[in-house]
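K.L.:
Structure for the following, please:
(one chain, ligands or ions: 1)
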Amino acid sequence: GITRHYKFDIVLKNVTRLCHNKSIVTVNGQFPGPRIVAREGDSLLIKVVNHVHNNISIHWHGIRQLQTGWADGPAYVTQCPIQTSQSYVYNFTVVGQRGTLFWHAHISWLRSTIYGPLIILPKRGIPYPFPKPHKEVPIIFGEWWTVDTEAVITQAMQTGGGPNVSDAYTINGLPGPLYNCSAKDTFKLKVKPGKTYLLRLINAALNDELFFSIANHSLTVVEADAVYVKPFETNTIVITPGQTTNVLLNTKAKFPNATFFMAARPYVTGLGTFDNSTVAGILEYESDEFPHKTLSIRKLPLFKPLLPPLNDTSSATNFSNKLRSLASAQFPANVPQKVDKRFFFTVGLGTIPCQHNNQTCQGPNGTMFSASVNNISFALPSTALLQAHFFGQSKGVYSPDFPSSPIFPFNYTGTPPNNTMVSNGTKLVVLPFNTSVELVMQDTSILGAESHPLHLHGFNFFVVGQGFGNFDPNNDPAKFNLDDPVERNTVGIPSGGWVAIRFLADNPGVWFMHCHLEIHTSWGLRMAWVVLDGKLPNQKLHPPPADLPKC
Ligand code: C2O
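P.N.:
Next up, the predicted model:
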């Protein structure tokens, strides 16, 4: 591979959406941010220079960061943030991965405006395991507030309530014609008849899973989270924050004399803090015969796609059940067949007492919202976990005693327990190198059943099983798929159900795991794994780079 250099200048930019102008934090003044393109095997050197007053860190979501945990990016986990007028070079090599990923800020709620596609092409001369597309198009979903998002989260955390709902969803930064004052901000994809397009779908929205579809066109799913899957056709895609999905779009053979809507809107279960409206874009056919006569959307009928209802769990489940690893000779699925260590994590929302007396908390029954894994609401330290681990200074920063099962077990899908309280803590699981892990994550349904998109840094995992109700340790494991389960980095824990994953802890470092709904992460739905060095040189975490930011 070669080395590719990028420079990310973090600067403010005035942007107008929905007739409101606001100043946002951006990379290089671009919104969405610049596209990074590399090939499998390449090294990336991305220099981030912070010119704004906010602290910054950038995460390369889905990149495994083998031995290079220092470049992973979550603030206070693998690094201290990059402070005003400081810089940091993220330096990593893309090993054994190709496909669609994305990058985003990983501090506070800055990823609402700091995100962009991260595209890894196969090694030169290696074809895709599907027909070569005529064109490749990144489609990145986001969420837009007309007010400052940092103020939204600060206010939510101070009052103990839910955050203000966003004002729009966006496709490539544009809300589209179904919102007031937004028709000119519409994403338009121009296509030719009879061709195949590869759409690289990325959900960078903060708080919502999305349904996506294109009117009168079916889509063929070929990849999820940068791993090839067995192709299947669908009218609707379900994509959680943190997930990426590649689909093939075959355009109609004849110039159809029409334009078509593409649209996305949320899939919501449980407590929704969501905007229930729809972002739309336009699929516009260009004719070779009439090159100067592109069809105007004003004059022609628009076909609204039929998106499932907001709470359509069966559509969401049908979709995720169809995802299977390609598991071919060239792209095998290396599912861990034996397990060294089993974990059972409860994942969900809860409450904590108000932590201040000067105002009324707006959470349920005057409490504050909280979220936890195994009843622990994870508190970030004021230094970085990875440094504390590497320099043997964990004392006072974290403790290695994260529980392998919940502190308050109960019937997770029946009546909530009396004790919905969680405690704060910075507890980690420590794993010897190459531990084969099986982790079952159960939605607690304490404040209503809700789907949680759990994202693991540093690894891909295999989704070996999932179901509704309580996980049954006596009967469910026998049904696990150990042949061709989908391999990914973010999985939706079904609303009122559970999911089982397996991964091999072959990457030394400290790895964050959290709900990719930003509000749940803020409420504490996060934890971290420490993976110890192995014996061989290529099984050890590299030393930190000299410019690693200090807290
Ligand atoms: Cu996409 Cu920890 O993040």
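K.L.:
For Val137, give me its contacts.
P.N.:
Contacts of Val137 were listed using CB atoms under 8 Å, 6 or more residues apart in numbering, and they are 189, 197-200. The C-beta positions use only the backbone N, C-alpha and C, and glycine is treated the same way.
K.L.:
Phi, psi for it please.
P.N.:
Val137 adopts backbone torsions of phi -130, psi 110, taken as degrees, to the nearest 10.
K.L.:
Quickly note the distance from it to Trp144.
P.N.:
To Trp144, Val137 is 21 Å away according to CB to CB, to the nearest Å.
K.L.:
who touches the residue of the stretch 1-150 of the chain found nearest the ligand in this structure?
P.N.:
When you check the stretch 1-150 of the chain against the ligand by CB to the nearest ligand atom, the closest residue turns out to be His61, at 3.8 Å. With contact taken as CB under 8 Å, 6+ apart, His61 is in contact with 101-104, 118, 242, 455, 489.
K.L.:
So in terms of bridging, what pairs with it?
P.N.:
Beta-bridge pairing of His61 under DSSP bridges involves Phe102.
K.L.:
Check the gap between it and Ala226 for me.
P.N.:
Computed as CB to CB, the His61 to Ala226 distance reads 10 Å.
K.L.:
joint contacts of those two?
P.N.:
Contact criterion CB under 8 Å, 6+ apart; residues shared by His61 and Ala226: 101, 489.
K.L.:
ok, for Ile501, nearest residue in space, not its chain neighbours?
P.N.:
Spatial nearest neighbour of Ile501, chain neighbours left out: Phe461 (4.1 Å); criterion: CB to CB, 6 or more residues apart in numbering.
K.L.:
Does that neighbour touch Val486 like I think?
P.N.:
No - in this structure, Phe461 sits apart from Val486 without contact. The criterion is CB atoms under 8 Å, and the distance is 9.6 Å.
K.L.:
Run through the residues of the stretch 451-551 of the chain sitting next to the ligand.
P.N.:
By CB under 6 Å from any ligand atom, the residues of the stretch 451-551 of the chain that approach the ligand are 455, 457, 512, 514, 516.
K.L.:
would you say Ala316 is within a helix?
P.N.:
Yes - the secondary structure assignment for Ala316 places it in a helix, going by DSSP: H, G, I helix; E, B strand; the rest coil.
K.L.:
So which bits of the biggest strand by length in the chain are buried?
P.N.:
Across the chain, the longest stretch assigned as strand under DSSP state E is strand 3-17. Taking 16 or more other CB atoms under 10 Å as the basis for neighbour counts, the residues of strand 3-17 that come out buried are 6, 8, 10-11, 15, 17.
K.L.:
for that strand, what is the average pLDDT?
P.N.:
Here strand 3-17 scores 98 as its mean pLDDT.
K.L.:
swap in stretch 467-483?
P.N.:
Per-region confidence: stretch 467-483 scores 97 on mean pLDDT.
K.L.:
Give me the distance between the two termini of that stretch.
P.N.:
Taking CA to CA, to the nearest Å as the measure, stretch 467-483 stretches 18 Å from start to finish.
K.L.:
Quick one: residues in contact with that stretch.
P.N.:
Outside stretch 467-483, the residues that touch it by CB under 8 Å, 6+ apart are 324, 327, 333, 335, 337, 344, 411-413, 440, 442, 464-465, 494, 496-498, 500.
K.L.:
worst-scoring helix or strand of this protein, pLDDT-wise?
P.N.:
Ranked by mean pLDDT, DSSP states H and E, the helix or strand of the chain with the weakest confidence is strand 423-425, at a mean of 85.
K.L.:
confidence score at whichever residue of the stretch 151-300 of the chain sits closest to the ligand?
P.N.:
Among the residues of the stretch 151-300 of the chain, Gly242 lies nearest to the ligand; the distance is 4.9 Å by CB to the nearest ligand atom. For Gly242, the pLDDT comes out at 98.
K.L.:
Repeat that for Ser218.
P.N.:
In this model, Ser218 carries a pLDDT of 95.
K.L.:
Ala204 touches Thr113, doesn't it?
P.N.:
No - counting by CB under 8 Å, Ala204 does not reach Thr113; the two are 10.0 Å apart.
K.L.:
got the residues of this protein near the ligand?
P.N.:
Counting by CB under 6 Å from any ligand atom, the chain comes close to the ligand at 59, 61, 74, 104, 106, 242, 455, 457, 512, 514, 516.
K.L.:
are any of those residues buried, and which?
P.N.:
59, 61, 74, 104, 106, 242, 455, 457, 512, 514, 516.
K.L.:
if we can go back for a sec, contacting residues for the residue nearest to Ile501?
P.N.:
In this structure, Phe461 makes contact with 439, 487-489, 491, 501-503, judged by CB under 8 Å, 6+ apart.
K.L.:
what's the domain layout of this structure?
P.N.:
With domains defined by automatic domain parsing, the chain comprises 1-125, 130-325, 341-539.
K.L.:
Spell out, range by range, the strands that occur in the stretch 1-150 of the chain.
P.N.:
3-17, 20-27, 36-39, 43-50, 58-61, 87-93, 99-105, 115-121, 135-144 (DSSP state E, counting those that start in this stretch).
K.L.:
Which strands or helices does the second one pack on?
P.N.:
Okay, so that is strand 20-27. Using 3 or more CB pairs under 8 Å, 6 or more residues apart in numbering; DSSP states H and E as the contact criterion, the elements in contact with strand 20-27 are strand 3-17.
K.L.:
Go ahead and measure how far the strand it packs on is from the middle of the chain.
P.N.:
Taking the mean C-alpha point of strand 3-17 and that of its whole chain, the gap between them comes to 20 Å (CA atoms, centre = their mean, to the nearest Å).
K.L.:
who's in contact with that strand?
P.N.:
Under the contact criterion CB under 8 Å, 6+ apart, strand 3-17 has outside partners 21-31, 33-34, 36, 38, 42-52, 56, 58, 82, 114, 144, 146, 168, 170, 175, 182, 185.
K.L.:
Just the buried ones among the residues you listed, please.
P.N.:
When these are checked for burial by 16+ other CB under 10 Å, the buried set is 22, 24-27, 31, 33-34, 36, 38, 42-44, 46, 48-50, 52, 56, 58, 82, 114, 144, 168, 170, 175, 182, 185.
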